[in-house]
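Student: Show me the folded form of this:
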Amino acid sequence: MRWSGAKRQARLVTFFRQTTLPLSLLNYALAGTNVVFFDLLFLLLQKQRKIQMDILLTGAGGFIGQHVLRELLAQGHQLTVCSSRQQALLERYPSLDYCPVDYAQAQSVTDWLPHVQGMDAVINAVGIIDENHAGQFTELHTTVPVALFKACEQAQCKRVIQVSALGADPNATTQYFISKGKADAALQMLDLQWFVIRPSLVYGAAGKSFSMLKALAALPVIPLLGDGNQQLQPVHINDLVKAVALCLDKKTDPCQVINAVGAEPLSYAKMLAILRRCQEMSQAHYLSISPIIWRCFTPLSGWLKEPALNADALSMLENGNTADPKPFTRHLGQQPQAFTALLQDFVPDQAQRWHARLYFLRPVLRLSLALMWLWAGWVSLFVYPHDQSYQLLAQVGINASFAPLVLYAASTLDFVLGIAMLMNWYLPLVVGFQLLAMLIYSVVITFALPEFWAHPFGPMIKNIPIAVAIIVLLILEEDSI
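Tutor: Numbers count the residues shown, from 1 in each chain. So this is what the prediction gives:
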């Protein structure tokens with residue numbers, strides 16, 4: 001491999017940090033102009049560090065991407081990553097190179113060509129479950145990957161691995177599968193050593209979908225889609241990562257579509273039952289819900305920030321997601337892990353049980369706090385007699401000429417804070433304003449109307465648990481901010 005200019009120098013500096021070679025060699029290489037010496041030094045470093053390949057990994061900050069990243073680094077590969085989580089990845093893995101590309105905007109071959117030059121392989125692990133705007137599936141799953149694949153063909157970067165999805169097909173019924181299927185089909189038409197890996201539902205520690213399923217399993221009454229007999233074949237993240245790594249081995253025949261699935265299919269209801277047993281919870285009660293009723297709630301997936309509950313995900317669940325595990329077993333050289341193995345492998349702790357039980361209380365808490373502020377604004381403006389409100393304002397030193405202005409301003413603030421919390425807009429700022437407003441109210445009332453602390457309904461003392469609940473919500477919503 002050969003690089004030029006700043007990239008070659010940066011690569012040498014990175015290598016030296018991880019070797020015991022004398023720094024005088026590095027200083028000579030950086031100061032001199034002897035290209036032959038530069039290349040010889042680079043080969044020496046490759047040999048000492050046992051570097052296997054130079055790989056561009058897109059989607060490195062995602063659930064699958066991060067697991068692939070760790071495995072490939074452990075194998076001695078040099079990685080260049082493309083991710084929206086650049087800073088976090090570089091802090092954790094200083095040896096990484098970063099590809100300064102806005103993935104969503106890199107929709108032409110020329111955008112990618114400089115970044116795939118000199119690469120031994122490219123792995124595309126970018127994927128979203130839900131769209132933030134119309135056409136995002138097509139952009140991220142089709143347009144951008146196809147441009148990347150064509151750039152690889154032009155740059156003679158032969159080995160390309162596409163992490164797709166089981167069920168991906170240009171003629172599928174959901175836009176998610178259609179967009180993935182079109183990219184898969186485009187890759188297979190190119191003069192490349194390509195691999196298309198199509199995993200079923202991927203589970204493992206830190207997986208968002210896996211966390212949501214554990215939370216569903218932890219509910220006192222578990223909702224099922226119909227009878228819950230939809231057949232699924234989840235694949236463990238370790239098996240998927242191994243499958244990706246094996247595609248880099250030159251002994252593995254290219255131009256394969258690999259369906260990555262677990263050892264055996266199981267029903268949706270059984271999968272949830274296993275997850276409940278893993279968390280050492282009592283036997284579950286199930287509620288069968290018609291798909292028609294389920295679809296009435298899919299628009300809430302955006303507000304809940306649960307893309308796994310959207311209409312496309314519901315359709316995919318209805319149709320099931322299984323494949324013959326024998327080809328995948330041959331590729332791995334061993335049988336993939338069965339989902340039932342979780343009963344022996346999963347070690348629940350208190351933090352995990354808390355997370356599962358609080359998972360669906362998070363939106364309930366946000367909704368209840370938002371309604372509290374909205375109700376306070378509504379009561380102040382339209383229910384409670386204004387004359388009595390003005391009397392209370394007079395007791396805190398606000399004269400009659402300013403009382404209406406203060407009343408309407410305070411009520412408007414309540415409405416704004418309630419709506420902002422309901423829509424999850426600028427939550428840290430909103431929480432700050434809520435706590436500040438409660439503090440001001442409490443201080444003013446403490447000095448001007450201290451008798452409210454002795455009120456039998458406790459209007460003042462309730463501010464303390466409410467403030468704590470607001471802070472807890474901010475912590476629970478951290479991932480969505």
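Student: drop to CA atoms for contacts and neighbour counts, all remaining ones
Tutor: Noted.
Student: tally of neighbours for the residue lying closest to Ala206 once chain neighbours are set aside?
Tutor: Excluding the flanking residues, the one nearest Ala206 by C-alpha to C-alpha, 6 or more residues apart in numbering is Phe63, at 7.2 Å. The number of residues packed near Phe63 is 21, by other C-alpha atoms under 10 Å.
Student: Gln283 now?
Tutor: Gln283 has 10 nearby residues by other C-alpha under 10 Å.
Student: Now the residue nearest to Ala206: phi and psi?
Tutor: Backbone torsions for Phe63, taken as degrees, to the nearest 10, come to phi -60, psi -50.
Student: residue ranges of the strands in the stretch 101-250 of the chain, please?
Tutor: 121-124, 159-163, 193-199, 202-203, 221-225, 231-232, 235-236 (DSSP state E, counting those that start in this stretch).
Student: export these to TSV and tack on distance to Phe382, mean pLDDT and mean neighbour count?
Tutor: Compiled in TSV, the strands of the stretch 101-250 of the chain are given as follows (distance: least, C-alpha to C-alpha, whole Å; pLDDT from 0 to 100; neighbours: other C-alpha atoms under 10 Å):
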stretch	distance to Phe382	mean pLDDT	mean neighbour count
strand 121-124	56	97	24
strand 159-163	56	97	25
strand 193-199	56	98	24
strand 202-203	51	94	22
strand 221-225	39	93	17
strand 231-232	53	96	22
strand 235-236	56	96	24
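Student: Dump those to a markdown table, plus distance to Val431.
Tutor: Compiled in a markdown table, those are given as follows (distance: least, C-alpha to C-alpha, whole Å):
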| stretch | distance to Val431 |
| --- | --- |
| strand 121-124 | 38 |
| strand 159-163 | 39 |
| strand 193-199 | 40 |
| strand 202-203 | 34 |
| strand 221-225 | 32 |
| strand 231-232 | 41 |
| strand 235-236 | 38 |
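Student: Quick one, which of the ones you listed gets closest to Leu300.
Tutor: Among the strands of the stretch 101-250 of the chain, the nearest to Leu300 by C-alpha to C-alpha is strand 221-225 (15.8 Å).
Student: Starting from that closest one, tell me which strands it pairs with and how they run.
Tutor: strand 285-289 (parallel) (DSSP bridges).
Student: Quick one: distance of the partner strand to the chain centre.
Tutor: Strand 285-289 sits 28 Å away from the centroid of its parent chain (C-alpha atoms, centre = their mean, to the nearest Å).
Student: buried residues in it?
Tutor: Tyr286 (16 or more other C-alpha atoms under 10 Å).
Student: average model confidence for it?
Tutor: Here strand 285-289 scores 93 as its mean pLDDT.
Student: likewise stretch 443-456?
Tutor: Rounded mean pLDDT across stretch 443-456 is 92.
Student: Between the two ends of it, how far is it?
Tutor: 19 Å (C-alpha to C-alpha, to the nearest Å).
Student: With stretch 155-172 instead?
Tutor: Counting by C-alpha to C-alpha, the terminal residues of stretch 155-172 are separated by 32 Å.
Student: mind checking how far Ile440 is from Leu407?
Tutor: Counting by C-alpha to C-alpha - Ile440 and Leu407 are separated by 15 Å.
Student: Tell me which of these two has more neighbours.
Tutor: Leu407 (18 against 12).
Student: Ala186 is in contact with Asp169, correct?
Tutor: No: assessed by C-alpha atoms under 8 Å, Asp169 is found out of contact with Ala186, at 11.5 Å.
Student: Could you check how many residues crowd around Phe402?
Tutor: 12.
Student: hmm, I was thinking of Gln391
Tutor: Residues near Gln391, counting by other C-alpha under 10 Å: 14.
Student: now Gly397
Tutor: For Gly397, using other C-alpha under 10 Å, the count is 11.
Student: Report the separation between it and Val406.
Tutor: From Gly397 to Val406 the distance is 12 Å (C-alpha to C-alpha).
Student: that older thread, so between Asp169 and Ala186, which is more surrounded?
Tutor: Asp169 (20 against 15).
Student: can you pull the contacts of the more buried one?
Tutor: Phe177, Ile178, Ser179, Lys180, Gly181, Lys182 (C-alpha atoms under 8 Å, 6 or more residues apart in numbering).
Student: which residue sits closest to it, ignoring its sequence neighbours?
Tutor: Per C-alpha to C-alpha, 6+ apart, closest to Asp169 is Gly181, 4.0 Å.
Student: and that neighbour, what does it touch?
Tutor: Counted by C-alpha under 8 Å, 6+ apart, Gly181 has contacts Ser164, Ala168, Asp169, Pro170, Asn171.
Student: Torsion angles phi and psi at the first one?
Tutor: With angles defined as degrees, to the nearest 10, Ser164 shows backbone torsions of phi -110, psi -130.
Student: what's the answer for the third one, then?
Tutor: Its backbone dihedrals place Asp169 at phi -170, psi 130, with angles given as degrees, to the nearest 10.
Student: Many thanks, have a good one.
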